[in-house]
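Q: Model the following, please.
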Amino acid sequence: MFSASSPSSGAFAATAIDCVRGIRSGQWTSEQVVRASLERAMAREEELHAWACLGVEEAIEEARQRDRQPARGLLHGLPIGIKDLSDTQALPTTYGSPAYAGHRPFMDAACVALACAAGAVILGKTATVEFGATRPCGTTNPHNKLHTPGGSSAGSAAAVADGQILLATGTQTGGSIIRPAAFCGAVGFKPTFGSLSPVGTKGYSWSLDTVGAFATCVADVALFFDVLRGRDESAPLSYAGPAPRIGFFPGPFADRADSAAAAVLDQVAARCSRAGATVRSLGCPVGFEQSLGWHRTISRYEMGRSLLPERCSAQAEELGPTLLSEIERGRHVDDESYLLAKACGLDLALSVEALMADHDVLLTLATPGEAPYGLESTGDATFNLSWSLIGLPCISLPVAWGPLGLPLSIQLVGARHGDRQLLEAAHWIERIASLHQLQEP
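A: Numbering: from 1, shown residues only. The predicted model follows:
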C-alpha cells in the first residue's frame, strides 16, 4: 500500500478519506494522485491483468479539471476503478466479452454518473468475468500470480488489494464481490439487494444482481456506499457506540471449509468476545441447506432469458462455450421450478430475519479457504450464494494470512436495509481483527 507522503514519487494515501482530504487541503493535487495510481497500475499490469482498459489520457485530463475547480463532492479528485460491466461514455465497455469488443456506450451507468458527480476520476475499467457469469478474465491474485483472484469482480478486487486504487465498483449475483475480496485481501461490500441503482450495469439475473464496492477499509466502503446512493454528505463511522451483538453462524456448509478458514472464524469470534461483543452461536434456519439449489435455479432461469439477445446475435460465436451452455440450460428451467425457488427464497429470508432479530450482524465464512491454485476457475461461492438469494447486505474482511501466504477473510451479514448498522459493526470488528494490522508473510 502506498503512503501519504509524496504522491508525485509514486506514493498514495492509506485510505480514500485521507486522500480526498489531502487533495482538498492542497497537500497534493488530483493529477499527482492520478499519475501515481496510473504508474502503479501500469507497472503491475503485465503480471496482474487487473484492467480491461486504462484511460490514461482521459484520467489525467479529468484530474486537471478537478484541480482547476473548487473542491466539490465526497470523492473530489480521487481515482477509482469501474467494473467493466458498467457503461462508461468516455471509455470502452466490453462486459468482459469479445462479443462487445470496442463497444462505446452513449451514456454512463448510474453508479458511474453518481461517482463522477461526487468528483471521482475514472482511472479505467477493471477486468471482469464474461457478463459476470462464466469465462475467467485472466486477472491473477496480487499475492501469488498462480492463484485465482476470484470472480467475477476480479479486476476490482485485485487492483484495490494491490494498492493501485483505493475504491472500485463491483457487482454480485452469487459471490462476485465477497469471494474476490476475500481471496485478494480487500474489503468487499455487497449492499442490500435493490439499494443501489443497477441502471446501465450489465447483468443477467434481475432478482439477484447487486452493485457494490471494494476498498481497503470499512470506513472507505461506507463513504463510497453513500456516494453510490446519491448522498451529498457522509457521516463517519464511529467506535463510540456499544460493542456489536454477533450471531456466530458457521452454517450447514461449514464442512466444505478447510481447517484454516474454520480456525480463523473461531479466532475472530473469540477476539470479539474478549473485546466486549456479545457472541452467540446460532442454529440453522429451516431450508437453508436447500438454498444453493434455489439460487442456481433462479440465476439459470434468468440468465437463459437475459442473455438470449447475445445468444441469438451475429456475435454469438464470440461467446464462451461454457456461457452458451449455461444460457441453454437456463432456457430449459421451467416456470414452475423458478417460481417455487423464488417462493422458497422468500420464506428463507423471513426465517433468517427472525433469527437475526436480536443480533446486529452474523459472523460467518466468506470462502472455503485461501484462493485456489490456477486461473481456470474463480473458486467456490458456496458461502455467498445463500445471502445473495435472500438479498441481505454482506461485507468481507481480511483477517489473517493462511498457510499458503494468501489472505483469509470472514463474512459479516446484516439485516435487510440495515446496511449502516452492518458497516458500523464491521468497523468495530475491523479494529479488533483486521488483516491490515498484521505484516504480510
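
Q: what stretches of the stretch 301-441 of the chain score poorly on pLDDT?
A: 435-441 (pLDDT under 70).

Q: in the stretch 51-200 of the chain, which spans are strands?
A: Secondary structure of the stretch 51-200 of the chain, counting by DSSP state E, counting those that start in this stretch: strands at 51-54, 79-83, 121-126, 167-172, 187-190.

Q: Output the ones you listed in TSV; the columns should cover mean neighbour count.
A: For glycine as for every other residue, the C-beta is placed from the backbone atoms N, C-alpha and C. Converted to TSV, these look like this (neighbours: other CB atoms under 10 Å):
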stretch	mean neighbour count
strand 51-54	22
strand 79-83	32
strand 121-126	28
strand 167-172	29
strand 187-190	32
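
Q: Which of these sits closest to residue 385?
A: Ranking those by proximity to residue 385 (CB to CB) places strand 167-172 first, at 10.0 Å.

Q: returning to what we had before: ok, which of the strands of the stretch 51-200 of the chain comes nearest residue 401?
A: Across the strands of the stretch 51-200 of the chain, the minimum distance to residue 401, taken as CB to CB, is reached by strand 187-190, at 16.1 Å.

Q: ok, back up a step: closest to residue 240 out of the strands of the stretch 51-200 of the chain?
A: Of the strands of the stretch 51-200 of the chain, nearest to residue 240 by CB to CB is strand 187-190, at 21.1 Å.

Q: Mind giving me the packing neighbours of the strand or helix carrying residue 46?
A: Assigned by DSSP states H and E, residue 46 falls within helix 30-48. With contacts defined as 3 or more CB pairs under 8 Å, 6 or more residues apart in numbering; DSSP states H and E, helix 30-48 has these neighbours: helix 16-25, strand 51-54, helix 56-68, strand 79-83, strand 121-126, helix 154-161.

Q: To residue 356, which of those lies closest?
A: Using CB to CB, the nearest of those to residue 356 is helix 154-161, at 26.9 Å.

Q: mind saving the C-alpha coords of that closest one as PDB?
A: Provided in PDB are the C-alpha atoms of helix 154-161 (Å, rounded to 0.1, in the frame of the first residue of the first chain):
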ATOM      1  CA  ALA A 154     -11.600 -10.000 -10.300                       C
ATOM      2  CA  GLY A 155     -10.000  -6.800 -11.600                       C
ATOM      3  CA  SER A 156     -11.600  -4.500  -8.900                       C
ATOM      4  CA  ALA A 157     -10.500  -6.800  -6.100                       C
ATOM      5  CA  ALA A 158      -7.000  -7.200  -7.400                       C
ATOM      6  CA  ALA A 159      -6.400  -3.500  -8.200                       C
ATOM      7  CA  VAL A 160      -7.600  -2.400  -4.700                       C
ATOM      8  CA  ALA A 161      -5.700  -5.100  -2.900                       C
END
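
Q: quick check: angle from it to strand 79-83?
A: 160 degrees (axes from the mean of the first three to the mean of the last three CA atoms, to 10 degrees).

Q: What residues sit buried inside helix 154-161?
A: 154, 155, 156, 157, 158, 159, 160, 161 (16 or more other CB atoms under 10 Å).

Q: surely the first one meets residue 181?
A: No - under the criterion of CB atoms under 8 Å, residue 154 lies out of contact with residue 181, with a separation of 10.6 Å.

Q: List of residues touching stretch 221-231?
A: Residues outside stretch 221-231 that contact it (CB atoms under 8 Å, 6 or more residues apart in numbering): 16-17, 73-75, 111, 114-115, 118, 120, 167, 169, 187, 189, 191, 195-196, 211, 213-215, 233-234, 236-237, 395, 419-420, 423, 427.

Q: Identify the residues contacting stretch 38-51?
A: 2, 10, 12, 54, 56, 59-60, 79, 81, 123-127, 137-140, 142, 145, 154-156, 158-159, 162-165.

Q: Can you check which helix is longest in the chain?
A: helix 335-355 (DSSP state H).
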